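A.B. asks: What follows is a predicted protein model with its sequence.
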Amino acid sequence: MNLRRLLARSISEMVAGVSWMRGPADGLRVLMYHAIGTPALGDTLGLFSLKPDRFKQHMTLLAGWKQGRVVEFDGTALSGSGCRVAITFDDGYLDNLEVAAPILTELGLPFTVFVTSEFVRSGKAGFLSPSALRALAALPGARIGAHGANHVDLTQCDDGALRSELSSSRQYLEDLLGSEVRTLAYPYGAVDCRVRDAALAEGYRLGACSRAGVNRPERDPMLLVRTEIVAFDGERVFAQKLHGDWDWYRWRKQDPASS
């Protein structure tokens, strides 16, 4: 564990030490995973690929958690009271079908996989193929969202390229699956108000970035924040993240709602 992560864990332990008497933060908490058991794209530090046993540990804890409830990542999840938790995966790894999905379906937990459409179309190694994506989408509790066409930073695209990234990704997934795709996770969490407006114009209704925190009803549904889960997160840290003890981490990134 590097010094930066050790410092972050120390701060979160202090937060947990003074917040243990209150319940978890109210609102919609969206968990962000990537790969489960195989290498993640460009992950030189090994942060974004969880061992299957650790992922199962997380999901078993979540399934038995008495302080909140697991919900689908959809528009209704923003309303209501108490803590609601949605499970999401970025990029569209094959292991989401082969490793994560059996654990989630056994526990009865709904989840959403945000898919990079060109990885599917081109048959990129380690990612869902068209047939695997259809099999995943057919599972109970599974939902498919878009993650752009080519996994590029959308804030760096000109207007034409931005529209193409957003529209071609959604259209390909809808044609392949025969169902609407209205949710989006911005690649690299990169979004500003221009990207947000373009996504809304292209038909998306929920958008997720990678800023930390919990979403309350007044949060812009196209700029939902998420709680990043990484390979080093054991049961204690996972429980702290569910509780909100790591939400201070949001200050390392500007809120895209203010951009």
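C.D. replies: Received the coordinates, thanks. Residues are numbered from 1 along each chain as shown.

A.B. asks: okay, CA-based contacts and neighbour counts for the rest of this
C.D. replies: OK.

A.B. asks: quick one: the strands in the stretch 101-250 of the chain?
C.D. replies: 111-115, 142-146, 183-185, 206-208, 227-228 (DSSP state E, counting those that start in this stretch).

A.B. asks: quick one: the last one to chain centroid distance?
C.D. replies: Using CA atoms, centre = their mean, to the nearest Å, we find the averaged C-alpha position of strand 227-228 to lie 7 Å away from the chain's own average C-alpha position.

A.B. asks: what's the burial count for the nearest residue to Ile36 once chain neighbours are set aside?
C.D. replies: The shortest distance from Ile36 to any non-neighbouring residue, by CA to CA, 6 or more residues apart in numbering, is to Leu50 (4.9 Å). Leu50 sits with 23 neighbouring residues when counted by other CA atoms under 10 Å.

A.B. asks: got it, and Pro39?
C.D. replies: Neighbours of Pro39 under the rule other CA under 10 Å: 18.

A.B. asks: who does the residue nearest to it when sequence neighbours are not counted bridge with?
C.D. replies: In space, and not counting its chain neighbours, Pro39 is closest to Ser49: 5.9 Å by CA to CA, 6+ apart. On the basis of DSSP bridges, Ser49 is bridged to Ala35.

A.B. asks: residues in contact with Ser49?
C.D. replies: By CA atoms under 8 Å, 6 or more residues apart in numbering, the residues touching Ser49 are 34-40, 230-231.

A.B. asks: Derive a ChimeraX selection command for the buried subset of those residues.
C.D. replies: Entered in ChimeraX, the line below selects the buried ones among the contacts of Ser49, by 16 or more other CA atoms under 10 Å:
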select :34,35,36,37,38,39,40,230,231
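
A.B. asks: Of the contacts of Ser49, which is the nearest to Ala101?
C.D. replies: Closest approach between the contacts of Ser49 and Ala101, by CA to CA: Ile36, at 10.1 Å.

A.B. asks: dump the residue contacts of that closest one.
C.D. replies: Neighbour list for Ile36: 49-52, 55, 95-96, 99-100 [criterion: CA under 8 Å, 6+ apart].

A.B. asks: Leu184 now?
C.D. replies: Residues in contact with Leu184 (CA under 8 Å, 6+ apart) are 114, 145-148, 204, 206-208.

A.B. asks: Those: which two are farthest apart?
C.D. replies: Gly148 and Leu206, at 13.7 Å, using CA to CA across those.
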